[in-house]
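Asker: Predicted coordinates and the sequence they were generated for:
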Amino acid sequence: MSTQIEAQVIVSIVELLEMEDSSAITLATKIEGDLGIDSGLLLELFMMLEENVANLEIDPAELRPEEFETVGSFAKMIATCVKGTVAA
């Protein structure tokens, strides 16, 4: 997976939650449990990423709940939605 995508996901979360910095966020950080991101904030996060990640095309029909468990699983899902790339 692209570390660039991971970094963009973390930067977007920091911006969305108006955090001071990203030091508290790792790939193992739980999106809802640790960060308190609910469905409304998750929708905002998707919109932010669609603006900031080139060729990102999210198909809601293909999303699975386990993809939203941690920052790492979410970043992996985002990487698979970038058109024209192959996720590692």
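Answerer: Nice, thanks for sending it over. Numbers count the residues shown, from 1 in each chain.
Asker: so where is the chain shaky, pLDDT-wise?
Answerer: Residue ranges of the chain with pLDDT under 70: 1-2, 85-88.
Asker: Let's see that with 80 instead.
Answerer: Counting by pLDDT under 80, the low-confidence segments of the chain come to 1-2, 84-88.
Asker: What ranges does it have for its helices?
Answerer: Listed in chain order, the helices of the chain (DSSP state H) span 3-16, 39-52, 71-80.
Asker: just those: most buried one?
Answerer: A comparison of the helices of the chain by mean neighbour count, using mean count of other C-beta atoms under 10 Å, puts helix 71-80 on top with a mean of 20. For the C-beta atoms, the positions are set from N, CA and C on the backbone; glycine is no exception.
Asker: buried ones in stretch 54-66?
Answerer: For stretch 54-66, the neighbour count (16 or more other C-beta atoms under 10 Å) marks 56, 58 as buried.
Asker: got a list of contacts for it?
Answerer: Outside stretch 54-66, the residues that touch it by C-beta atoms under 8 Å, 6 or more residues apart in numbering are 46, 49-50, 73, 77-78, 81-85.
Asker: How many residues are close by residue 31?
Answerer: 22 (other C-beta atoms under 10 Å).
Asker: I'd say it and residue 68 touch.
Answerer: Yes: if you go by C-beta atoms under 8 Å, residue 31 and residue 68 touch, sitting 5.5 Å apart.
Asker: joint contacts of the two?
Answerer: With C-beta under 8 Å, 6+ apart, residue 31 and residue 68 have common neighbours 42, 74.
Asker: Between the two ends of stretch 28-35, what distance do you get?
Answerer: Stretch 28-35 has its terminal residues 11 Å apart, counting by C-alpha to C-alpha, to the nearest Å.
Asker: and that stretch, how far out from the chain's middle?
Answerer: 12 Å (C-alpha atoms, centre = their mean, to the nearest Å).
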